[in-house]
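>>> sharing a sequence plus its predicted fold:
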Amino acid sequence: MDHRTMVRLSKRMSRALRHEPHRIGLTPDGAGWVPVDDLLAAMRIDRADLDAVVAGNDKQRFAVRRGPDGIERIRANQGHTIPVDLGLAPQSPPDRLYHGTGAAALDSIRATGLNRGGRHHVHLSPDVDTAHRVGARRGGPVVLLTVDAAAMSRAGHVFYRSANGVWLTDEVPPAYLTQDG
Ligand code: HQG
């Protein structure tokens with residue numbers, strides 16, 4: 001599969017597993033898992049293509065595992081808008097985390113902090129490069145924000161780390177944000 005086809009398929013799988021499973025007749029369990037065979041049938045795709053996306057995905061967006069019942073299931077590691085409990089345990093974050101966004105959002109973020117919007121959490125990156133890539137998705141100049149995660153943690157904010165290394169928290173009030181560069 002060429003890169004473009006892979007990206008397109010990854011996006012369709014993200015949509016199916018994070019946002020609109022019901023549209024194609026899937027019902028994820030409470031933790032977001034669906035049988036691999038059900039996803040293949042619903043999306044009309046081959047197992048080899050699914051495996052290529054899962055293995056080749058730049059961000060490890062998906063996890064596949066075999067349950068105690070012998071059935072293989074797949075879920076998105078993060079980013080859902082459907083209600084799921086990923087079962088992540090709270091973790092102590094690194095002192096600093098990063099968030100990349102577009103310049104257009106800056107005034108609003110300064111006023112109200114980072115909000116999770118339609119997702120379950122605010123997504124934070126462990127390093128500047130990743131944050132920059134996330135911000136670049138907005139298309140314009142990238143704004144890089146540093147999050148004082150150590151201070152947030154001391155103040156009682158809870159952090160989780162998704163299976164692909166994204167740090168998740170409920171919100172980041174403006175007091176914990178500084179802008180770089
Ligand atoms: C912005 C991708 C105005 C926020 C990435 C962001 C990530 C505000 C946008 C993952 C705001 C939400 C998540 C406020 C936050 N006012 N704008 N108060 N608070 N925003 O896509 O963090 O490809 O939901 O800055 O790589 O960009 O999906 O979140 O620009 O890991 O696997 O609102 O999505 O991963 O956008 O990205 P998103 P995000 P996947």
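All right, it came through fine.

>>> my read: residue 80 touches residue 120, true?
Yes. Residue 80 lies in contact with residue 120 (Cβ atoms under 8 Å); the separation is 6.0 Å. C-beta here means a position set from N, CA and C on the backbone, and glycine is covered the same way.

>>> in the protein, where is pLDDT below threshold?
57-58, 181 (pLDDT under 70).

>>> the ligand contacts on that one?
Residues of the chain lying near the ligand by Cβ under 6 Å from any ligand atom: 59, 61, 79, 101-102, 105, 108-109, 112, 114-115, 117, 119, 123, 134, 138, 166.

>>> pull out the buried residues from these.
In these, burial by neighbour count holds for 61, 79, 101, 109, 114, 123, 134, 166, counting by 16 or more other Cβ atoms under 10 Å.

>>> mind listing what's buried along the longest helix belonging to the chain?
In the chain, assigned by DSSP state H, the helix with the most residues is helix 3-14. Within helix 3-14, the residues scored as buried using 16+ other Cβ under 10 Å are 6, 9-10, 13-14.

>>> which among the residues you listed gets closest to residue 174?
residue 14 (29.9 Å; Cβ to Cβ).

>>> mind listing the helices for the chain?
3-14, 36-43, 47-56, 106-112, 128-136, 149-154.
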